[in-house]
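Student: Turn this into a model:
(one chain, ligands or ions: 1)
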Amino acid sequence: MKFFFPDSQDLVDPSFDFETERRAELRVRQRDDLYAHEVFRSRAYDGLLVSKGIVDGYGQVGSRYTIGQKHRLLRNGVKEFLRIDKVPYPLEVMGDCGAFTYVKEKVPPYTADEVINFYSDCRFDYGLSVDHVILSYQPDWDLKGAKPPDEVKDRQALTLSLAEEFWTRCKARKEGFIPIGVAQGWSPKSYAHAVKELQAMGYSYIALGGMVPLKTAEVLASLEKIAEVRKPKTRLHLLGVTRLDHMNAFATLGVASIDGTSPLRQAFKDASDNYYTLSRTYSAIRIPQVEGNAKLQKKISSGVIRQETARKLEKAALSAMAAFNNGKLDIDAAVEALTEYEELCAESTPKEKKASAAKSRQSRADVYREVLSDQPWKKCGCEVCRSIGHHVILFRGAERNRRRGFHNVWVFYRKLRSELGLRLEDAA
Ligand SMILES: [Zn+2]
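Tutor: Numbers count the residues shown, from 1 in each chain. Predicted structure coming up:
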């Protein structure tokens, strides 16, 4: 099973100095910053997924690309643009429309030819047909006499007719990429129906969309129903599903590839599971920047907290972590410095909230004590942990948070391989 990592231009600055928190003066973001595959010497994924919706931006979703970057992507091709041609192992690139960017529209904003032009100009290895996400999963609509609403039926019919047009146009244009048909459904039976139709069109690689919010059991139920119609050579791709439980069952049911950003995003979006290891997850240690923290700034400007006090405690928390990491400070003193800064951040909490704030501070201290006594960053072999040490566990600013996300992706890939009983060297 292959893992594709969705690109949204997440890069890190190699010139960032973690002690002074300064960057090289001559740094040029687009030239000098590094993708995850440039940070790690060994694989963290089998390929990348690039969405037309992310490149172009659509409606409320702004583009992650500048105009210059878009031109470069189309002119030089996606492999040169993402600099994966310089990585010592092969990486593939899958293109899709980014159906979530236009999920609220009545119909997708792209024609089959527009999307094929995008895949063709960028020289993708795989291209997904234009689809329209169905966001209601209702297995009850499979029951006899049930009537799924017209809206979901229309979306599936539209997705299938766009897939048919996509297939016909790809063949007529003799495109070099492998076309992947997208199946949208609202229940096991409806997904199976879509897969059957796509196979009849000629597709032997089919992506299952709209499964992100589904429970694992629901994904399995759909895959089992699909298995009844799936031809032996048909490969499946699960869009946005990175749950590791039942990966073996997924593989047995024909899943050849997956993609997803949650290993990256959990590093800075999750309330507690921020740092992955092979056996468990840990919470990152929060030391917010006084300057970059809106809540703290508000308290400072309204006079609740003095700027110097905030700076002093922030600095003390950072120094405590450094000293602890070097074995020069014990765990109690380190936890105290960390919670003292946290208490300051929570100081103006209204009286009635104080009790619960105190309780959450206590549990935060327990969580920190756990991660500090295990020091998981010292046991990780990835380039991020080896080069920045304890900074990887600090929840603070994009340079640390994104690197922790890269580390998670690297660990996720290893967990996936081991879950499936595959060796890393066999990754192709
Ligand atoms: Zn690591």
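Student: give me phi/psi at Y58?
Tutor: With angles defined as degrees, to the nearest 10, Y58 sits at phi -150, psi 130.
Student: Around the ion, which positions in the chain sit nearby?
Tutor: Counting by Cβ under 5 Å from the ion, the residues of the chain close to the ion are 380, 382, 384-385, 407. Placement of C-beta: from N, CA and C, glycine included.
Student: Now for the residues you listed: which two are most distant?
Tutor: With distances taken as Cβ to Cβ, the most widely separated pair in those is C380 and V384, at 7.9 Å.
Student: Common neighbours of the two, please.
Tutor: Counting by Cβ atoms under 8 Å, 6 or more residues apart in numbering, the contacts common to C380 and V384 are 392, 407.
Student: show me where the stretch 51-200 of the chain has strands.
Tutor: Assigned by DSSP state E, counting those that start in this stretch, the stretch 51-200 of the chain shows strands spanning 92-96, 126-128, 178-183.
Student: Mind giving me the packing neighbours of the longest one?
Tutor: When you say that, I think you mean strand 178-183. For strand 178-183, the elements it packs on are strand 126-128, helix 150-173, helix 188-201, strand 205-208, judged by 3 or more Cβ pairs under 8 Å, 6 or more residues apart in numbering; DSSP states H and E.
Student: okay, the ones you listed, which one's buried deepest?
Tutor: Mean neighbours per residue, mean count of other Cβ atoms under 10 Å, is largest over those for strand 126-128, with a mean of 25.
Student: Would you list the strands that that strand pairs with, along with their directions?
Tutor: Sheet pairing here is set by DSSP bridges, and for strand 126-128 it gives strand 92-96 (parallel), strand 178-183 (parallel).
Student: Low-confidence ranges, the chain, go.
Tutor: The chain contains residues with pLDDT under 70 at 347-354, 357, 426-428.
Student: Now distance to E228 too, for the strands of the stretch 51-200 of the chain, in CSV please.
Tutor: Output for the strands of the stretch 51-200 of the chain, formatted as CSV (distance: least, Cβ to Cβ, whole Å):
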stretch, distance to E228
strand 92-96, 26
strand 126-128, 24
strand 178-183, 14
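Student: what about S301, how many neighbours?
Tutor: Close neighbours of S301, defined as other Cβ atoms under 10 Å, add up to 10.
Student: re the thing from before, Q362 is nearest to which of the strands paired with strand 126-128?
Tutor: strand 92-96 (45.5 Å).
Student: what does that closest one contact?
Tutor: By Cβ under 8 Å, 6+ apart, the list of residues contacting strand 92-96 from outside reads 2, 4, 46-52, 78-79, 82, 84, 118-119, 122, 124-128, 177, 180, 182, 207, 237, 239, 259.
Student: Helices - which of those land there?
Tutor: Among the contacts of strand 92-96, DSSP state H puts 52, 78-79, 118-119, 122 in helices.
Student: what's around A146, how many residues?
Tutor: Residue crowding around A146 was assessed by other Cβ under 10 Å; the count is 11.
Student: In this structure E383 contacts A36, no?
Tutor: No: in this structure, E383 is not within contact of A36 by Cβ atoms under 8 Å, at 9.9 Å.
Student: okay, these two: which has more neighbours?
Tutor: A36 (24 against 19).
Student: From the ion, how far off is the more buried one?
Tutor: 12 Å (Cβ to the ion, to the nearest Å).
Student: Quickly note the distance from that residue to K79.
Tutor: 15 Å (Cβ to Cβ, to the nearest Å).
Student: can you pull the contacts of the spatially most central residue of the chain?
Tutor: In the chain, the residue lying closest to the centroid (Cα atoms, centre = their mean) is T261, at 1.0 Å. By Cβ under 8 Å, 6+ apart, the residues touching T261 are 5-6, 8, 240.
Student: All set, thanks.
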